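J.: Predicted model follows, preceded by the sequence.
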Amino acid sequence: MFDLAPRPANGLAVRCSRVLFSPWSRLSLLLVLLASAAVTVLLFEPQRLLSAGWPPQVTGFSAVALFAVVYGVCTAAFVPRPILNLAAGALFGSQAGLAAAVGGTVLGAGIAFGLGRLLGQDALRPLLRGRLLTAADGQLSRHGFRSMLAVRLFPGVPFAAANYCAAVSRMGWAPFLLATGIGSVPNTAAYVVAGSSAASPTSPVFLAATGFIVLTGLTAAVVGWRRRHRLRSA
């Protein structure tokens, strides 16, 4: 006689694991993580980094690297990048601040892309219906690097939204991270320079950086408006 008693338990364990690791369970976990991150940002106000400064005992390359890590985690938690870019310039100057900000940008984008790809893609891809969503998904999937480079160069699309949209598409890791790193340099540099020269708001450097930020913002609005009409007609 064979003992068949363990089989129901094993079957229950299999069913529970399928439920826990199902696409919708993973999507629910992603939503919980994002909501928790947003609440944490509201409670702790990372903007205070600008006024509180940086710990004096952390200096040199280690300070830049640590700031890049904190930057990446903060952007994944929906902290606005302009605030962190200004802080990078104010704390480290234009060159080191730009390195920290770009490194943090790529890290934060990678965290968001990984979370979206692992926890959200399987559940959200079947929901991509309608001409606008289908056209946007096709653009990112077929022309990932070019599309993401344009998004990063013209900051009309919110940083987090671009990350998670790319994660749901079939865009690869390498083109996503490379386009993010290259495309974020101009606008990030403008904010970093503005932050490093904020003590002299009438200086040519500060005025040039501010003018560039305004110009790219207006250009992004025009490009976004035209792109929206093209996607609708695609």
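T.: Yep, it's here.
J.: Tell me where the longest helix sits in this structure.
T.: For the chain, the helix with the greatest residue count under DSSP state H is helix 81-115.
J.: For that one, what does the pLDDT average out to?
T.: For helix 81-115, the mean per-residue pLDDT is 93.
J.: Tell me the buried residues in it?
T.: 81-92, 94, 96-113, 115 (16 or more other CB atoms under 10 Å). Glycine gets a C-beta too; all of them are placed from N, C-alpha and C.
J.: go on, stretch 30-43?
T.: 30, 34, 37, 41.
J.: Among those, name the ones in helices.
T.: 30, 34, 37, 41.
J.: Put together a markdown table for the residues you listed, with pLDDT and distance to residue 189 on each row.
T.: Below are these laid out as a markdown table (pLDDT from 0 to 100; distance: CB to CB, whole Å):
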| residue | pLDDT | distance to residue 189 |
| --- | --- | --- |
| 30 | 79 | 32 |
| 34 | 84 | 29 |
| 37 | 84 | 27 |
| 41 | 80 | 25 |
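J.: quick one: low-confidence parts of the protein?
T.: Where the chain drops to pLDDT under 70, the residues are 1-22, 46-47, 49-54, 121-137, 224, 227-234.
J.: would you list every one of the helices in it?
T.: 6-20, 23-44, 48-52, 60-76, 81-115, 121-124, 131-142, 144-153, 159-168, 173-183, 185-196, 204-233.
J.: just the ones in helices among the buried residues of stretch 30-43 now: which is nearest residue 217?
T.: For these, the minimum distance to residue 217 (CB to CB) is 22.7 Å, reached by residue 41.
J.: From residue 169, how far out is that closest one?
T.: Noted for residue 41: a distance of 26 Å to residue 169, by CB to CB, to the nearest Å.
J.: Please report how far the nearest residue to residue 113 once chain neighbours are set aside lies from residue 159.
T.: In space, and not counting its chain neighbours, residue 113 is closest to residue 167: 4.8 Å by CB to CB, 6 or more residues apart in numbering. Separation of residue 167 from residue 159 (CB to CB) stands at 13 Å.
J.: likewise residue 208?
T.: 24 Å.
J.: between these two, who's got more neighbours?
T.: Using other CB atoms under 10 Å as the criterion, residue 208 and residue 159 rank with residue 159 on top: 22 against 14.
J.: OK, contacts around the closest residue to that one other than its chain neighbours?
T.: Excluding its sequence neighbours, the residue lying closest to residue 159 (CB to CB, 6+ apart) is residue 81, at 5.6 Å. By CB atoms under 8 Å, 6 or more residues apart in numbering, the residues touching residue 81 are 75, 101, 105, 159, 188, 191.
J.: Distance check, residue 81 against residue 105.
T.: Residue 81 sits 7 Å away from residue 105, going by CB to CB.
J.: Next: residue 178.
T.: Residue 178 is 12 Å from residue 105, by CB to CB.
J.: Same question for residue 166.
T.: 14 Å.
J.: Residue 66 now?
T.: 16 Å.
J.: do the same with residue 194
T.: Remark: distance between residue 194 and residue 105 (CB to CB) = 16 Å.
J.: what's the answer for residue 141, then?
T.: The spacing between residue 141 and residue 105, counted by CB to CB, is 23 Å.
J.: Also residue 111?
T.: 11 Å.
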